[in-house]
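*Asks:* Sequence and predicted model, in that order:
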Amino acid sequence: MATLHTRSAARLMIAPSVLLLLAWMIVPLSMTIYFSLLRYNLLMPGMEEFAGLSNYTYFLTDPAFFQAIFNTLAIVLGVLFITVAGGIALALLLDQPMFGQGIVRILVIAPFLIMPTVAALVWKNMFMNPVNGLFAWLAKLVGLQPFDFLANAPLFSIILIVAWQWLPFATLILLTALQSLDEEQKEAAQMDGAGAWSRFIYLVLPHLSRAITVVILIQTIFLLSVFAEILVTTNGGPGTQSTNLTFLVYAQALLQFDVGGASAGGIIAVILANIVAIFLMRMIGKTLEA
Amino acid sequence: MGSITLKNVSKVFGAHAVIPSIDLDINDGEFVVFVGPSGCGKSTLLRLIAGLEDVSGGEVVIDGKNATELPPAKRGLSMVFQSYALYPHMSVRGNIAFPLKMAGEDKSVIDKKVQDAARVLNLTDYLERKPRQLSGGQRQRVAIGRAIVRQPDAFLFDEPLSNLDAALRVNMWLEISQLHQQLKTTMIYVTHDQVEAMTMADKIVVLNRGRIEQVGSPLELYHRPDNLFVAGFIGSPKMNFVSGAPAAAYHAHTIGIRPEHLVLSKDHGTWRGTVGVAEHLGSDTFLHVKADGIDTMTARVSGDFPVTHGDQVFLTPDAQRVHRFDEKGMAIR
Amino acid sequence: MARNVSTRRKLLTTAAAWTIGILIFFPILWTFLTSFKTEAQAIASPPAFLFFDWTVQNYFEVQSRSDYFKHFMNSVVISFGSTLLGLMIAVPSAWAMAFAPTKRTKDVLMWMLSTKMMPPVGVLVPLYLMFRNTGLLDTRVGLVLVLMLINLPIIIWMLYTYFKEIPGEILEAARMDGASLAKEIIYVLTPMAIPGIASTFLLNIILAWNEAFWTLNLSAARAAPLTAFIASYSSPEGLFYAKLSAASTMAIAPILILGWFSQKQLVRGLTFGAVK
């Protein structure tokens, strides 16, 4: 079929999406680079001037920046840890024979389908609120002081909310992978005298490695850019305690109207994401090729 | 009607010549089997005839007309694929009717032909089912049904039974052979299984590395193999080959003796040996005998021949049925 | 399975799984229940679980006070618009890559996936300014375009993995059966491709419906979809739990139901076919 004619037709069919994505990558990104070299504030139009790398030095010496880097990584790693560990445990549980497995699956997958703003607001107000929240009521029930989650442990609270949203995703993928494990392999291992724990370590975990890698890859892409959950719960605060890189750049741009500074921050975020991406791709490359 | 002639046909993929050059005549109404080890080019050859691959050189002549440039549908052939290639979203009826619908046949004509085909293939009760609701053998019959309604000049089968289990396969051999008796249409059948080839073919084409090793009836190939390859490929268990001094006695570089042409005795014979494994099949027993100074040889004896592992026996080849080959592996006649 | 599982063990597993399942689902259930309470009952201590005076008043108030339906329609237009537009562009591309692959096809696919790795803040500023200058800010058209672009790689990947599964022998069979290219597409390819296209469509509606970076940053009163509409409850209206719950329930219900029906496709789609 691969005649010259079909080949050029194929190119024609692929062209629109390639061109669109290319434009989507290049045009705004080069504008961001350009802006990052300007002193440019929306509140002072017409005052744009070349600023060299001062935006970068400003951003990189801002203590909030390091806090944001730390928070970004904390969110990514914290959520990854909870969802992968929890996801494996849940998947193992759901893979057992039980009554009403389909309904449990439906219950477990639900948080993933909830829009981030709803998830965050429900947790913030109805659970974590120190006066009217359910957690406060539970604390009082056992004689403890209610804990103001978002004021005293903002980052942890956000990690908890985001992990709740992503746990279903990890569970569902790991469960799907688990179900493709050959029953006879497990039986063979049993005949070979492997106990439940050895079977998990030597059989189940290696079988899941590909799915775990996929979970880590995809979640990382999304977790690096957690935004809505922070916006509607803590607004990055108190101070910058729960500000991640995405939120920091947003605040610089749309709250301070500092186009130059925000652009520099954006470029730094892109560079960091690329470092993470290269690291991930290495890792993925190994498992996905196999 | 369904005569097919290949003139100097070749196929090259990139720098690799899968089929260097082949000439072949297939007569109308013949059941021809292409057989050979995997990678020998038998499926490619079938696809060249079908028109699913373009030839790199040469001519494909179907029914006296040059069909080299014709698209597959215009060649008057129909094909049964290894995976059956049924349309999963269509019912059995829809699958069988599809080629007729494509040919723009009348609705009533289509209905009648589908009914007829279904009756012949025992599919009448399954016409409204989807392929996924059928067993392997039933799917196979649907694929055949789809092929026969077009009343083609020739049928092409590409390893159609390799996904079926052994018992079903034997059934389908019979069914396909009966179909051939009824329709008397040319059939070309590709398989890697020489037993299947021997069972069904009028004419076998043995292929190896893109070349035809020999063409002939099953018994011709069995009795008069042209070379070592055909001799070793046709027949089960495999022919025993002996070179060196014992072969020189027959003025040959290598001699071949089929297991059924070795006479066994407990006390006298040409070669002495020790019984290794004995495969007792009931009616027959296959003995693997380590003959002194020669390799292990397989011999077929009747099921009640009393031997066990480690026994000493004597082997004598039936001199009339020793196949002789020269250094190049060609038969000496 | 020839394994004999004791009923006792099965019951234990069932109890454990149901407990965890209900715990995970609880925030959603609680939101749903609260949406039928009065504001006073919603913050009552101890909280009322089922025994309260059920009311649908909150739903009407959410509609009359903040025009819920307008935002719902924005969500519908934006998610369906971006998905359909994306499919129109992606179907031919995925088709060509699946059925006429070249040596570079894999690279192109990987590159497309890599565009998903670019953090949105990297292009937030210029996009915001471009939208402001061209009048696309706070319009449905603008959001349709952006959401289409961010989800295009996922759409192409999903479709590609589905198309890749259509066996080549079926297409050859159709050619042997005398189907012309047009008929092959109408009778054989399209019916076989439709399930894949439908799953891709579903998954992408879910992703677009819940997208909460660009919708929050590029929309205001006019074009705000439900994500942004709900965000407006962050303060101080969020303290009205019952109304927040009613608005939330309406925002998540359609997609929750859609998602439950397409669990399998969700896994495939979100892992780009790497896990089936």
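*Replies:* On my side now, so go ahead.
*Asks:* and stretch C:132-150, anywhere near chain A?
*Replies:* Yes: residues of stretch C:132-150 contacting chain A under C-beta under 8 Å from any C-beta of the partner chain: C:Leu149. In short, each C-beta sits where N, CA and C put it, glycine included.
*Asks:* contact partners of that stretch?
*Replies:* Contacting residues not belonging to stretch C:132-150 are listed as A:20-21, A:24, C:74, C:77-79, C:81-83, C:85-86, C:89, C:116, C:120, C:127-128, C:130-131, C:208, C:211, C:214-215, C:218-225 [C-beta atoms under 8 Å, 6 or more residues apart in numbering or on different chains].
*Asks:* let's see 6 Å
*Replies:* Contact with stretch C:132-150 is made by A:24, C:77-78, C:81-82, C:85-86, C:131, C:208, C:211, C:214, C:219-220, C:222-223, as judged by C-beta atoms under 6 Å, 6 or more residues apart in numbering or on different chains.
*Asks:* same check, this time on stretch B:135-146
*Replies:* B:Val80, B:Tyr84, B:Leu86, B:Val92, B:Asn95, B:Ile96, B:Ala117, B:Leu121, B:Leu123, B:Pro131, B:Leu164, B:Leu168.
*Asks:* Give me the buried entries from these.
*Replies:* Neighbour-count burial within those applies to B:Val80, B:Tyr84, B:Leu86, B:Val92, B:Asn95, B:Ile96, B:Ala117, B:Leu121, B:Leu123, B:Pro131, B:Leu164; the criterion is 16 or more other C-beta atoms under 10 Å in any protein chain shown.
*Asks:* list the helices and strands the helix or strand where A:Leu172 lies packs on?
*Replies:* A:Leu172 is part of helix A:154-179, with elements assigned from DSSP states H and E. Under the contact criterion of 3 or more C-beta pairs under 6 Å, 6 or more residues apart in numbering or on different chains; DSSP states H and E, helix A:154-179 touches helix A:63-94, helix A:101-109, helix A:205-223, helix A:228-233, helix C:263-270.
*Asks:* can we see that at 8 Å?
*Replies:* Under the contact criterion of 3 or more C-beta pairs under 8 Å, 6 or more residues apart in numbering or on different chains; DSSP states H and E, helix A:154-179 touches helix A:63-94, helix A:101-109, helix A:116-121, helix A:149-152, helix A:205-223, helix A:228-233, helix C:7-34, helix C:263-270.
*Asks:* quick one: the helix or strand following that helix to helix A:205-223, angle?
*Replies:* Downstream of helix A:154-179, the first helix or strand assigned by DSSP H and E is helix A:183-191. Calculated by axes from the mean of the first three to the mean of the last three C-alpha atoms, to 10 degrees, helix A:183-191 forms an angle of 130 degrees with helix A:205-223.
*Asks:* Which residues belonging to the very next helix or strand once past helix A:183-191 are considered buried?
*Replies:* Next along the chain after helix A:183-191, taking DSSP H and E as the criterion, comes helix A:196-199. Neighbour counts over helix A:196-199 (16+ other C-beta under 10 Å) mark A:Arg199 as buried.
*Asks:* quick one: low-confidence parts of chain B?
*Replies:* B:1 (pLDDT under 70).
*Asks:* Name the residue closest to the centre of it, please.
*Replies:* Geometric centre of chain B, nearest residue: B:Ala197, 3.0 Å, by C-alpha atoms, centre = their mean.
*Asks:* Chain C next: which of the buried ones among the contacts of stretch B:135-146 are close?
*Replies:* Counting by C-beta under 8 Å from any C-beta, B:Leu86 from the buried ones among the contacts of stretch B:135-146 sit close to chain C.
*Asks:* now, which of the buried ones among the contacts of stretch B:135-146 lie within strands?
*Replies:* Here DSSP state E is the test, and those give B:Val80 as lying in strands.
*Asks:* So which residues of the stretch 151-300 of chain B form strands?
*Replies:* Using DSSP state E, counting those that start in this stretch, the strands of the stretch 151-300 of chain B run over residues B:154-158, B:186-191, B:203-208, B:211-216, B:240-243, B:254-257, B:262-265, B:271-280, B:284-291, B:296-302.
*Asks:* out of the helices and strands packed on helix A:154-179, which comes closest to B:Ala103?
*Replies:* Distance to B:Ala103, taken as C-beta to C-beta, is lowest for helix C:263-270 among those, at 37.1 Å.
*Asks:* Enumerate every residue touching C:Ala223.
*Replies:* Here C:Ala223 is in contact with C:Asn74, C:Ile78, C:Asp138, C:Thr139, C:Arg140, C:Gly142, C:Leu143 (criterion: C-beta under 8 Å, 6+ apart).
*Asks:* Also B:Val80?
*Replies:* B:Val80 touches B:Gln140, B:Ala143, B:Ile144, B:Ala147, B:Phe155, B:Leu156, B:Phe157, B:Asp158, B:Pro160, counting by C-beta under 8 Å, 6+ apart.
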